[in-house]
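In: Need coordinates for the following:
(chains A and B)
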Amino acid sequence: MNRLCNSLEPRVMNDDMLKLAVGEQGPQEEAGQLAKQEGILFKDVLSLQLDFQNILRIDNLWQFENLRKLQLDNNIIERIEGLENLTQLVWLDLSFNNIEAIEGLDTLVNLEDLSLFNNRISKIDSLDALVKLQVLSLGNNQIGNMMNKAQAEAKHQFSIDELKHREYLMQAQQAEEQARQAELEEHQAAFVEHLNSSFLFDSMYAEDVEGSKLATLQGVGELLEAYRDKFVIICLNIFEYGLTQQEKRRVELDTFTACVQEAVQENREQGKLRIARFEEKHLLSLTAIRDESDLASMEARISEYSEDITELANVLMTLEMQLVEQLEETINMFERNIIDLVGLFVENVQSLMAQCRDLENHHHEKLLEISINTLEKVVKGELDEDLPDDVRALFVDKDTIVNAVGTSHDIHLLKIDNREDELVTRVNSWCTHLLDKIHQDETMRNRKRVKEINQFMDHLQNELDNLDSGDILD
Amino acid sequence: MEVLKEKVEEEEAAELQDAVERGEKTMKPPSPPPSALPPETRKEETPMTQEMLRDLEKKLASIEIVIPESPVIAKVSIDTSLLPASYQSNTPKEEHLLQVADNFSCQYSHLCPDRVPLFLYPLNECQVPKFVSTTLRPTLMPYTELYNWDSCAQFVADFLSMEPLADPLKPPTHLYSPTTVLKYQRGNCFDFSTLLCSMLIGSGYDAYVVNGYGSQDLCLMDLTREVCPLTMKPKTRVQEKQVAPPKKYAVKPPRDLTSRYEQEQERKKQEKIRAEEEKRLKEAEGRLQEAENAKADPLHGLRVHSWVLVLTGKREVPESFFIDPLTARSYSTQDDHFLGIESLWNHKNYWINMQDCWNCCKDLIFDLGDPVRWEYLLLGTDKPHLSLLDEDDDTLIDDDDIDSLGKEEEDKSFDMPHSWVEPIEISPEAFETRCPSGMKVIQYKRAKLEKWAPYLNSNGLMSRLSIYQDLECTQLLEVKEWYQNREDMLELKHINKVTGLIIDYFKPGHPQALRVHSYMCMQPENDRVMEFYEKARVDGLVKREETPRSITEHYQGRPDFLAYRHVTYGPRVKKVTMSTAESNPRPITKITERFFRNPAKPADEDVEERVFLILEERIQLRYHCREDHITASRREFLRRVEVDSKGNRIIMTPEMCISYEVEPMEHTKKLLYQYEAMMQLKEQEKMSRHQAWESELEVLEILKLLEEEEEAHTLKISIYDTKRNEKSREYREAMERVMHEEHLRQVEAQLDYLAPFLAQLPPGEKLTRWQAIRLKDECLIDFKQRLIDKANLIQARFERETQELQKKQQWYQENQVTLTTEDEDLYLSYCSQAMFRIRILEQRLNRHKELAPLKYLALEEKLYKDPRLVEHLKVFS
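Out: Model prediction:
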């Protein structure tokens, strides 16, 4: 490479340049020969030095995924760019360039040492992502408003304090929010969220125009109050029940996973033991085969050894199949139990919900009675109190009022039904999902183990074959 | 007493028979030997004739009397003159007590004529009868070691040497005070019990001295039939594994496909074999037992013994038990060795056992408040009386004769007098020395225990236990030696005489943190195991095992996670030149290293085992197993350098590295990666070899150290040990000397310079001013004169020396030619000495000249400030 000729001309970071640099800076001597034979992949390179190259633009570095140290000093780079992929970078030297702004460093979270000495930077910016940064060199730049710490403190103290205070408040709020969220999630896992308050009841009346209108009638207020109390009590029952059931399910699942873990672990220990035993023998027989001079006896030994291998494979496979059978049985048992549990839960919740409906029906009847009474009074003109106009509009004739009360009732029932449906569907979907996952995990585990055994056997066989051919060649 | 009486009255008719029965029951005398019969009975049997007399004479002459060794401390050896008055005489209260006791004893012997007379008031060392309870002197010892009963009993057993009773069938006639016993360090079982009981009561136990009957072994302190407590293995508590109840989802075990029938048959066969073996063992044991029990004691049940009873209630004693003071062993109250109890006492009262002892002490109930079972001497003990019997008592007293009643009333107002014995004191030296003359030997069944006082043996030996194979103690099986205060922290040496294996145990603090060292011989490159305190070592070595061909090391807690290293050596290559072990190391053939899991690395990159097959130039690596896998990655490198067909060195070929990877990765397939790995391994191999070499060196060093220590065996002395610590004593003495000198100087400083002048004045008169001034002037003048005199003296000496020197020089110059070399030497040495003297004198004179005015001024100053003159001179100055 002739540096003198190109010294003034800006150069491009192309593949050749990078290859050359990698080759020059890679392993030396014997290792270097090897490296030359095989070629070095860019992603294996850990450190790269590209100084005094008159580079104008950083480019073509996306392959160096594992680069730890990059030196780009004494070039004519104007912008920091193309470094997004180098997430493992720890050490970056960009001194003596023409950089004007700190940018494009947001993905380099592992950066510890950053040198931007002697550039044209005018503002310190966008260094927030570099959480591990320890050394930052920014000397000889054009940063104007540098002031010492005391001055800065004096100047910005007020705003800093305010910021801090706001931050503190925000944090507290966030923590609270998180706690609430966690609680809600827990309730959601039990499928009984919002049932520990009058949420459902309130929602029932939220869209119920007629209901709220009718609530102003005389006697309805008390009725509604009593109804609400009873309803909330049932909701709370459902809620408590849901939580206990959730706990039961959790315990069930925990026991199941623990037992499965145990079984798998035990099986694994056994497998390891077998392999360790085999390996002891294996070393001996390998040396024996190697040392054997007589061809016939060597063949005998080899066949004996390959028999051993087959036997090991058989044993390991038997163990695995045994485990699969055992686990299948256990999983089936668990499946039955969990489905039973969920079924029980759904049944009980449904019965509680039926109570809610009964309450609603009861309330509906009472309301209807009051409404009709009122209607009669209105018709007779005996009503002593004033009714708002929109309410009065309902008391035109019997149909209207019955319809209004009926609509309100329908809305309430719909709400209750919806809540029940939601709960049941979610519980069932959770159950199926869980079971699917368990089955899938087990299948995955089995496949992985079988693959591992096969791979190991192949390796052993290969080793033997190699030995075979090698010896025959000798 | 009344209960006793009633009993007797009721059974008056059957008295004789009862007596016979009881005698048989309690004593079981198996046809006493003729010698035990009193001589009177024999005399009366036949009328004397001349012949018979002669015959008797002959017979008597043939009988040799073995005079028993002085039963108690030889009377001559006790200097009674120095003992306090309480020892020499009785106080009126004591006299009173003795009368009461006498009365009691008379009634007792009257009512129970078949029982042995009571042991109530033996003579003490001054031949004064003293009641046994007053001989007890409860004392709390200042040593924390003596606070608990076991260590206390051990101390008494160690401290005193035992003497058998003069007459094994009777209690002794004398009972010495514990202080005398302690002083002479000898005593019989009663002395032992009294001392031990005093100490136990002093430290808060509810303890009693028991007078009763013991087995022969017990009375003669014969432990040869007891198993040594030190040889008994501590019972390993069988930890019952809590079998966790099978969990709900535990997998079912695979079906067992073996034949039940075959298993059953196999089991039966095994059982049969085992049963036979057991039978054989039992037979052998039985035979041994018989041999051991062959010698039955003819005096069984008659031998008098004394021991200590500790009752429950105080000091959280859960159950009453006996302590044999001779051996310091504790026994349950059911033990076979204790055959009967006559009476027992503490410092407050005296009880007689009224229970039948036909079944040894097994049926005795130690409820001292029960007057039916225990007859007390004095009323008003702190023992609770049985409330049930209180009423009975009253009615009985009414029935009783007046004599007894009067006595009861007397007794009621009577307390046990204070002990006549001085407080028990044990000096720290005696406490440390323990055994008389610092040594004690105890013979156990198939074992012998020797004890020494600390610092008695120069190698720190404290005790030695020899275990024998046979009962006669001829075939030594093993020896255990306990050491203390060793510089090398050696604690226990265990020598197995059969295998020749020696195991040394060290306390923490050995320079190389050695903990256990077991070996056959001290030569290097032999079988040995060294265990270390791994926390104290930088390299975390736990254990190093050595055989002639290998060294195995176990590590713990190293930053490089090394857990194990095994180095195998080949036979030493013979060199032409003679070479020592150091210059010709054994060739290493194989190094195996194992590592703990390093949690910072993924399992596939964390080596678990590394084997360097040095002869084959092969390196095997095995990696840790992943969490959910059963196979581990492995890699094997062939280090052999090969040359290809063109003669170029092959750097790396795919054949040189065989690897199995659980999860194949791309970069590991590269030759470069493998090459680098191999280079690294080569480096590590070098390191491992170096470390192996260092281990060898360390073994040599430790052995050298041990040998040196064995030869020198210096003992460590605590800095708090003021008696033995030479350094601290020197320091202390130096300090004392300095103090003394300081004191002298102070005395000197207080010398009164005015005294000679004041003496001239009439004494007792107040000084006048004129006198004071004169006094001062005289004093100053005198001082000035003395200074001048001193200067003159120095001057005179100086001149004399100079003159002599000049003379000598003259003489030398005149006779220079004729002088021999010897004379010349003499002259020269004289000259140098003389010159030295002159120079010193000169210096002194100069210093005197310098200091004299200062001294003069100082004295003047002092005189002005002198309290006697100050008021007169104040005005003046």
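In: Please make it C-alpha for all contacts and neighbour counts, starting now.
Out: Fine.
In: State which helix of chain A is the longest.
Out: Identified as the longest helix of chain A according to DSSP state H is helix A:295-380.
In: Quick check: residue B:257 vs residue A:304, distance?
Out: 27 Å (Cα to Cα, to the nearest Å).
In: Which residue of those two possesses the greater neighbour count?
Out: residue A:304 (13 against 6; other Cα atoms under 10 Å in any protein chain shown).
In: which strands and helices sit next to the helix or strand hosting residue B:344?
Out: Assigned by DSSP states H and E, residue B:344 falls within strand B:338-345. Counting contacts by 3 or more Cα pairs under 8 Å, 6 or more residues apart in numbering or on different chains; DSSP states H and E, strand B:338-345 is packed against strand B:206-214, strand B:350-353.
In: what do you get if the cut-off is 10 Å, keeping everything else the same?
Out: When contacts are defined as 3 or more Cα pairs under 10 Å, 6 or more residues apart in numbering or on different chains; DSSP states H and E, strand B:338-345 packs onto helix B:132-135, strand B:206-214, strand B:304-311, strand B:350-353, strand B:374-376.
In: between these, which gets nearest to chain A?
Out: strand B:304-311 (54.2 Å; Cα to the nearest Cα).
In: mean confidence for that closest one?
Out: Strand B:304-311 shows a mean pLDDT of 90.
In: Direction included, what does it pair against?
Out: Strands adjacent to strand B:304-311 in the sheet, as given by DSSP bridges, are strand B:206-214 (antiparallel), strand B:321-324 (antiparallel).
In: what angle separates the first one from strand B:338-345?
Out: It stands for strand B:206-214. 140 degrees (axes from the mean of the first three to the mean of the last three Cα atoms, to 10 degrees).
In: re earlier: can you lay out the helices and strands packed on strand B:338-345 as CSV showing mean neighbour count and distance to residue B:185?
Out: Shown next, in CSV, are those (neighbours: other Cα atoms under 10 Å in any protein chain shown; distance: least, Cα to Cα, whole Å):
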stretch, mean neighbour count, distance to residue B:185
helix B:132-135, 24, 17
strand B:206-214, 26, 19
strand B:304-311, 26, 18
strand B:350-353, 22, 27
strand B:374-376, 22, 32
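In: Of the ones you listed, which shows the lowest average pLDDT?
Out: The minimum mean pLDDT among the helices and strands packed on strand B:338-345 belongs to strand B:374-376 (a mean of 84).
In: picking that back up, check whether the longest helix of chain A comes into contact with chain B.
Out: Yes: residues of helix A:295-380 contacting chain B under Cα under 10 Å from any Cα of the partner chain: A:316, A:319, A:322-323, A:325-331, A:333-334.
In: For PyMOL, what selects the buried ones among the residues you listed?
Out: Restricted to buried positions by 16 or more other Cα atoms under 10 Å in any protein chain shown, the PyMOL selection for the residues of helix A:295-380 next to chain B reads:
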select buried, chain A and resi 316+319+322+323+326+327+330+331+334
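In: can I get the residues of helix A:295-380 next to chain B in JSON lines with distance to residue B:567 and pLDDT?
Out: Shown next, in JSON lines, are the residues of helix A:295-380 next to chain B (distance: Cα to Cα, whole Å; pLDDT from 0 to 100):
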{"residue": "A:316", "distance to residue B:567": "33", "pLDDT": "90"}
{"residue": "A:319", "distance to residue B:567": "36", "pLDDT": "89"}
{"residue": "A:322", "distance to residue B:567": "41", "pLDDT": "89"}
{"residue": "A:323", "distance to residue B:567": "40", "pLDDT": "89"}
{"residue": "A:325", "distance to residue B:567": "45", "pLDDT": "90"}
{"residue": "A:326", "distance to residue B:567": "44", "pLDDT": "88"}
{"residue": "A:327", "distance to residue B:567": "45", "pLDDT": "90"}
{"residue": "A:328", "distance to residue B:567": "48", "pLDDT": "91"}
{"residue": "A:329", "distance to residue B:567": "49", "pLDDT": "89"}
{"residue": "A:330", "distance to residue B:567": "48", "pLDDT": "89"}
{"residue": "A:331", "distance to residue B:567": "49", "pLDDT": "91"}
{"residue": "A:333", "distance to residue B:567": "53", "pLDDT": "90"}
{"residue": "A:334", "distance to residue B:567": "52", "pLDDT": "91"}
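In: Cool, thanks, signing off.
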